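Student: here is a sequence together with a model predicted from it:
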There are 2 protein chains.
Amino acid sequence: MMAYATQMEAARLGIVTPEMEIAAGDEHISAEQLRALIAEGQAVIPKNKRHQIGHPKAIGRMLSTKINVNLGASRDCCNIDVELAKVQEAERLGADAIMDLSTFGDTRAFRRTLAAQCKAALGSVPIYDALVYYNKELAEITSDEWLEIARIHAEDGFDFMTIHCGMNQATAARFMRNRNRITNIVSRGGSLMFAWMQMTGKENPFFEQFDELLEICRKYDVTLSLGDACRPGSTHDASDATQVEEMITLGELTKRAWARDVQVIIEGPGHMPLNQIASNMKLQQTLCHGAPYYVLGPLVTDIAPGYDHITSAIGGTVAAANGAAFLCYVTPAEHLRLPNEQDVHDGIIAAKIAAHAADLAKNIPHASDWDDEMSKARQEVDWEKMFSLSIDPEKARKIHDENPSEIKDACTMCGEMCAMRNMNKILNGEVVTAK
Amino acid sequence: MMAYATQMEAARLGIVTPEMEIAAGDEHISAEQLRALIAEGQAVIPKNKRHQIGHPKAIGRMLSTKINVNLGASRDCCNIDVELAKVQEAERLGADAIMDLSTFGDTRAFRRTLAAQCKAALGSVPIYDALVYYNKELAEITSDEWLEIARIHAEDGFDFMTIHCGMNQATAARFMRNRNRITNIVSRGGSLMFAWMQMTGKENPFFEQFDELLEICRKYDVTLSLGDACRPGSTHDASDATQVEEMITLGELTKRAWARDVQVIIEGPGHMPLNQIASNMKLQQTLCHGAPYYVLGPLVTDIAPGYDHITSAIGGTVAAANGAAFLCYVTPAEHLRLPNEQDVHDGIIAAKIAAHAADLAKNIPHASDWDDEMSKARQEVDWEKMFSLSIDPEKARKIHDENPSEIKDACTMCGEMCAMRNMNKILNGEVVTAK
């Protein structure tokens, strides 16, 4: 029997857990330093007591940036084997967490399969699942049933759950009073809860029965991911009253969760022009007391469907460099359809680039080692070393080999004019011909 | 006979040229406002008197961000028709400028073909061409021949020329004295000039005979693009003494060029961690007196060959939002081989995303119209409108159509749970079923 309910309680009791030991090693900080961050809510280790995680990871703005991958079956893409193949690819590429957003089929069986097979941290959005699990119309789901679906996901071993607790009647009223958005509410779970409240006239049960939700999270050590129902879905809608109203509420709920030793992360935008990102990250830090910020993007422009892994890599890098701790990947298929395996791959690579570029900018210990090794390989024109150090070795090699240079120590881009080659020669006192 | 030698002289004489009229229209500013910026060197219109440009564009940090596309034949990729096809694709996608970096074959014939066919602004790097044109060993090229190759490019109608005037003996000495770089000098032209100076012991002829170079530029109204031989080629090497030494020199040369009414842009990095980009942009503004900054990237990490259109889109957006005026595209093939047509396409799209995202961040007049139209189309779940507003309509449609939803007014990503669809229903007083 463990002497603590959650990682946060352990941290507060001064206990360094095995998970803290492992996670701290990745960060080049001491387990004691990580324990102190977790005790203060400035970092979390999502790990359900029922889930065997190979290598627990810590999430927090002083730590290296982590990435999440969304997957799941839907009516239009319901092949479980395809989804499990995506999970394997995500784990192979180093995803820190995987969220199952399934909305079709036997979601509980799939969830349990995932929990048994997947060693990365697992997250879910119980609100989506309620519609499938209860097989009822939205308006007929009861308050108790909403709570129950969260309990089921916790029991199934999921490490973090997104719950849209901040979409309460007050936030809904503020949204209606300030209606100036082009894209209204774009969060799936948030819009469902908004619709449920409008149709039933009732308060958001996750807000109203927040203490019960906390007991569920405490029992299994589920990290509560407070969903941002009101995240902007267009650059036009960013940083408006509705978004900030909800963030204030999420900050209040964070304190209540921490009082029960429940680990918390806060979800964030969304679509946002570049010049608003840093201030949004700072605002989240004050309003939510430093709880780790988990952002979906931000996408810095709306005009690039097919390329939103790029628009979100831009925003994600700037967000993480300014304090976001956890980046949700976005694939090229965003806004168009469910991602296929190639989309998942491309989305993960783009998110990993953003996370690493932010770590360089934040001077995360040893983050620059990788870049410096690559730069040395470039200076030496050592192609095998460059390939092996690449974020995607297969792709780097494939592109290079499609058109290899006639010059051994150069590529087709510059040929004999290769600056690396010529600088090496001239600094060695050799003659540069370069013709 | 025109009453002015260059756009800058015209601007200083109070003359609004036809080119200023056209370029100002794109920017939603008056021709008089643009004239004032050009008179002060804060904006340029690259247009050789001998080149027919369909639609002249102005480049400056108060204006919308422009992009350049690099092309050209090399020993390993010498198919002229392929290069011309890339030029057409670049023009179709809206590249503002095209640089011909050819290093093989009859470069002069190709250059003249380009000048006759291409309506975008054309740039070149005469230093590369000298080796081909004179068919001599590097060390045997004379100072006068270096100047002559610039004159030839100006005569051939090119609108801007990159000349590495700042790589002089003083910069070379500072580089040698501060040798702490992993990747030394990675600029092709810069490393060739460095090698030439080391082998001949002579001063950089473009620096030594800078006044003659200015007369060539003045005669044809060639915009002088002062090359950054010492741009960092790795994140490790960013913002070092060598880079800043050269930038100070470029600032001095800028004032001399302006004294002869020669338009100037300044080239910049390169590889640079995100947290250094804004300060580098500000430093360039002070050291180079507000001359437009033309950046290659910056690439915010070194570890992603195959994805450097993404690493540079991240850096380019932040650079342009902080004052860079002109982004050189980077393709997925960067660091690996010459780009093929698909690479050129992907590089252009990524650069255009960065430029537009920066324009949103800078509040360039009407930049947000495009995003707002797209967001309205999303709110209306109007797929045809979304496709037509996409930065790459063919790609958006193709991705969507690969897996169309069974639900008419949604996509496979969310199906019945589509937040747009459900919010539209509930705000219209309809029942949301979403199951």
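Tutor: On my side now, so go ahead.
Student: from now on I want contacts and neighbour counts done on CA atoms only, so please keep to that.
Tutor: Will do.
Student: now do the worst-scoring helix or strand of chain A on mean pLDDT: everything it contacts.
Tutor: Counting by mean pLDDT, DSSP states H and E, chain A has its least confident helix or strand at helix A:80-92, which shows a mean of 90. Helix A:80-92 is contacted by residues A:69, A:71-73, A:98, A:110, A:114, A:118-120, A:341, A:344-345, A:348 when judged by CA atoms under 8 Å, 6 or more residues apart in numbering or on different chains.
Student: from those residues, which has minimum pLDDT?
Tutor: pLDDT across the contacts of helix A:80-92 is lowest for residue A:73, at 81.
Student: if I pick the nearest residue to that residue once chain neighbours are set aside, what's in contact with it?
Tutor: Leaving aside its sequence neighbours, residue A:73 sits nearest to residue A:102 (CA to CA, 6 or more residues apart in numbering or on different chains; 4.5 Å). Applying CA under 8 Å, 6+ apart to residue A:102 gives the contacts A:71, A:72, A:73, A:74, A:128, A:129.
Student: now for whichever helix or strand comes after the least confident helix or strand of chain A, which elements pack on it?
Tutor: Note on helix A:80-92: by DSSP states H and E, the next helix or strand toward the C-terminus is strand A:97-100. Under the contact criterion of 3 or more CA pairs under 8 Å, 6 or more residues apart in numbering or on different chains; DSSP states H and E, strand A:97-100 touches strand A:66-71, strand A:121-124.
Student: just send the ones you listed back as TSV, with distance to residue A:36 and mean neighbour count too.
Tutor: TSV is the format used below for the helices and strands packed on strand A:97-100 (distance: least, CA to CA, whole Å; neighbours: other CA atoms under 10 Å in any protein chain shown):
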stretch	distance to residue A:36	mean neighbour count
strand A:66-71	19	25
strand A:121-124	21	28
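Student: closest one to residue B:161 among those?
Tutor: Of all those, the one in closest proximity to residue B:161, counting by CA to CA, is strand A:66-71 (42.8 Å).
Student: the closest one close to chain B?
Tutor: No. Strand A:66-71 is not in contact with chain B by CA under 8 Å from any CA of the partner chain; minimum separation 10.2 Å.
Student: now the angle between helix A:80-92 and that strand, please.
Tutor: Angle, strand A:66-71 to helix A:80-92, by axes from the mean of the first three to the mean of the last three CA atoms, to 10 degrees: 170 degrees.
Student: follow-up on the earlier one: for the residue nearest to residue A:73, phi and psi?
Tutor: phi -60, psi 140 (degrees, to the nearest 10).
Student: from residue A:216, how far off is it?
Tutor: For residue A:102, the distance to residue A:216 equals 21 Å [CA to CA, to the nearest Å].
Student: quick one: contacts for the most centrally placed residue in chain A?
Tutor: Centroid-nearest residue in chain A: residue A:328, 3.0 Å away (criterion: CA atoms, centre = their mean). Residue A:328 makes contacts with A:67, A:68, A:69, A:70, A:294, A:295, A:296, A:297, A:351, as judged by CA under 8 Å, 6+ apart.
Student: can you do 7 Å?
Tutor: Residues near residue A:328 by CA atoms under 7 Å, 6 or more residues apart in numbering or on different chains: A:67, A:68, A:69, A:295, A:296, A:297.
Student: kindly report the same for residue A:246.
Tutor: Residue A:246 neighbours (CA under 7 Å, 6+ apart): A:166, A:167, A:171, A:230.
Student: mind checking the pLDDT average for whichever helix or strand residue A:253 is part of?
Tutor: If you go by DSSP H and E, residue A:253 is part of helix A:241-259. Helix A:241-259 comes out with an average pLDDT of 97.
Student: and the stretch 251-400 of chain A, which residues reach chain B?
Tutor: With the criterion set to CA under 7 Å from any CA of the partner chain, the stretch 251-400 of chain A comes near chain B through A:273-275, A:300-306, A:310, A:313-314, A:333, A:336-338, A:357, A:360-361, A:371-372, A:374-376, A:379, A:389-391, A:395-396, A:399-400.
Student: recalculate using a threshold of 6 Å.
Tutor: Proximity of the stretch 251-400 of chain A to chain B, by CA under 6 Å from any CA of the partner chain, involves residues A:273-275, A:300-306, A:314, A:336-338, A:357, A:361, A:371, A:375, A:379, A:390-391, A:396, A:400.
Student: show me where the stretch 151-300 of chain A has helices.
Tutor: A:169-177, A:188-200, A:205-208, A:210-220, A:241-259, A:274-287 (DSSP state H, counting those that start in this stretch).
Student: go through the second one and flag the buried ones.
Tutor: Residues of helix A:188-200 classed as buried under the neighbour-count rule (16 or more other CA atoms under 10 Å in any protein chain shown) are A:188, A:189, A:190, A:191, A:192, A:193, A:194, A:195, A:196, A:197, A:198, A:199.
Student: that one near chain B at all?
Tutor: Yes. Residues of helix A:188-200 contacting chain B under CA under 6 Å from any CA: A:188, A:191.
Student: roughly how far is that helix from the heart of the chain?
Tutor: Centroid separation between helix A:188-200 and its chain, computed with CA atoms, centre = their mean, to the nearest Å, is 24 Å.
Student: residue A:290 contacts residue A:41, doesn't it?
Tutor: No. Using CA atoms under 6 Å, residue A:290 is not in contact with residue A:41; the gap is 7.1 Å.
Student: hang on, the earlier thing: relative to chain B, which of the contacts of residue A:328 is nearest.
Tutor: Closest approach to chain B among these (CA to the nearest CA): residue A:297, at 12.6 Å.
Student: kindly state the pLDDT recorded for the residue lying closest to residue A:324 once chain neighbours are set aside?
Tutor: Spatial nearest neighbour of residue A:324, chain neighbours left out: residue A:293 (4.9 Å); criterion: CA to CA, 6+ apart. Predicted confidence (pLDDT) for residue A:293: 98.
Student: contacting residues for residue A:293?
Tutor: With contact taken as CA atoms under 6 Å, 6 or more residues apart in numbering or on different chains, residue A:293 is in contact with A:265, A:266, A:267, A:324, A:325.
Student: let's see 10 Å
Tutor: A:42-43, A:59-61, A:225-226, A:264-269, A:281, A:284-285, A:319-320, A:323-327 (CA atoms under 10 Å, 6 or more residues apart in numbering or on different chains).
Student: shared neighbours of residue A:290 and residue A:41, anything?
Tutor: Listed as contacting both residue A:290 and residue A:41 by CA under 10 Å, 6+ apart are A:60, A:254, A:265.
Student: among those, which one sits closest to residue A:9?
Tutor: Among the shared contacts of residue A:290 and residue A:41, and counting by CA to CA, the member closest to residue A:9 is residue A:254, at 14.9 Å.
Student: any idea how many residues pack against that closest one?
Tutor: When neighbours are counted by other CA atoms under 10 Å in any protein chain shown, residue A:254 registers 25.
Student: now it: how far from residue A:341?
Tutor: Relative to residue A:341, and taking CA to CA, residue A:254 is found at 36 Å.
Student: before we move on, what about residue A:215?
Tutor: Distance from residue A:215 to residue A:341, by CA to CA: 37 Å.
Student: please put the alpha-carbon coordinates of stretch A:425-435 into PDB.
Tutor: C-alpha atoms of stretch A:425-435 as PDB (Å, rounded to 0.1, in the frame of the first residue of the first chain):
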ATOM      1  CA  LYS A 425      40.500  23.200 -47.400                       C
ATOM      2  CA  ILE A 426      41.500  26.800 -47.000                       C
ATOM      3  CA  LEU A 427      41.800  26.600 -43.200                       C
ATOM      4  CA  ASN A 428      44.000  23.500 -43.700                       C
ATOM      5  CA  GLY A 429      46.300  25.600 -46.000                       C
ATOM      6  CA  GLU A 430      45.100  23.800 -49.100                       C
ATOM      7  CA  VAL A 431      44.200  25.400 -52.400                       C
ATOM      8  CA  VAL A 432      40.500  25.900 -53.200                       C
ATOM      9  CA  THR A 433      39.700  25.400 -56.800                       C
ATOM     10  CA  ALA A 434      35.900  25.300 -56.600                       C
ATOM     11  CA  LYS A 435      35.400  25.600 -60.400                       C
END
